[in-house]
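1. Need coordinates for the below:
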Amino acid sequence: VQLVESGGDSVQAGGTLRLSCALSGYTYSIQCLGWFRQRPGQEREGVARIGYLDSVVYADSVKGRFTIYKIRDTVVLQMNSLKTEDTGMYYCAARFGSCRDWLGFTYWGQGTQVTVS
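-> A predicted model of the protein is given here:
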């Protein structure tokens, strides 16, 4: 399974970005897709995940502002009302099995940088 992110950019606070993650390879058994981020000086954290029947979970810090959804073999993170604290490297990740938590993601993309000023 390969994951390739795109869409990162530099924007002003209050702006909008759309991150995309293209999946390829043996994706048939992938049941959970997620977006994570690593903010400067902080550990990587889960932002949003989407699982079976498109059930979604968001981190409290992004609820109401970010939306995750799938289009065929692409998972998208729509980010609205961006804040300076959203700055960081954003990673797409995938896992087999259920989408019950932020753990167990096996496949990762290379990341895409989001900078909000």
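2. Could you use CA atoms for every contact and neighbour count after this?
-> Will do.
3. Centre of the chain to stretch 43-52, how far?
-> 6 Å (CA atoms, centre = their mean, to the nearest Å).
4. Likewise for stretch 110-117?
-> 11 Å.
5. can you check stretch 67-87 too?
-> Distance, centroid of stretch 67-87 to centroid of chain: 6 Å (CA atoms, centre = their mean).
6. Next, the buried residues of stretch 9-20.
-> Using 16 or more other CA atoms under 10 Å as the test for burial, stretch 9-20 gives 11, 13, 16-20.
7. can you give me the end-to-end distance of it?
-> Start and end residues of stretch 9-20 are separated by 12 Å (CA to CA, to the nearest Å).
8. Farthest pair within the buried residues of stretch 9-20?
-> 13 and 20 (20.3 Å; CA to CA).
9. Pull the number of nearby residues for residue 52.
-> Residues contacting residue 52 under the criterion other CA atoms under 10 Å number 13.
10. For the residue nearest to it when sequence neighbours are not counted, give me its contacts.
-> Distances taken as CA to CA, 6 or more residues apart in numbering put residue 31 closest to residue 52, at 6.1 Å, once the chain neighbours are dropped. Contacts here follow CA atoms under 8 Å, 6 or more residues apart in numbering; on that basis residue 31 touches 51-52, 94-99.
11. Identify the residue nearest the most centrally placed residue in the chain in space, chain neighbours excluded?
-> By CA atoms, centre = their mean, the chain has its centre lying nearest to residue 35, at 1.9 Å. Sequence neighbours aside, residue 92 is the residue nearest to residue 35 in space, at 4.7 Å (criterion: CA to CA, 6+ apart).
12. Same question for residue 94.
-> residue 33 (4.5 Å).
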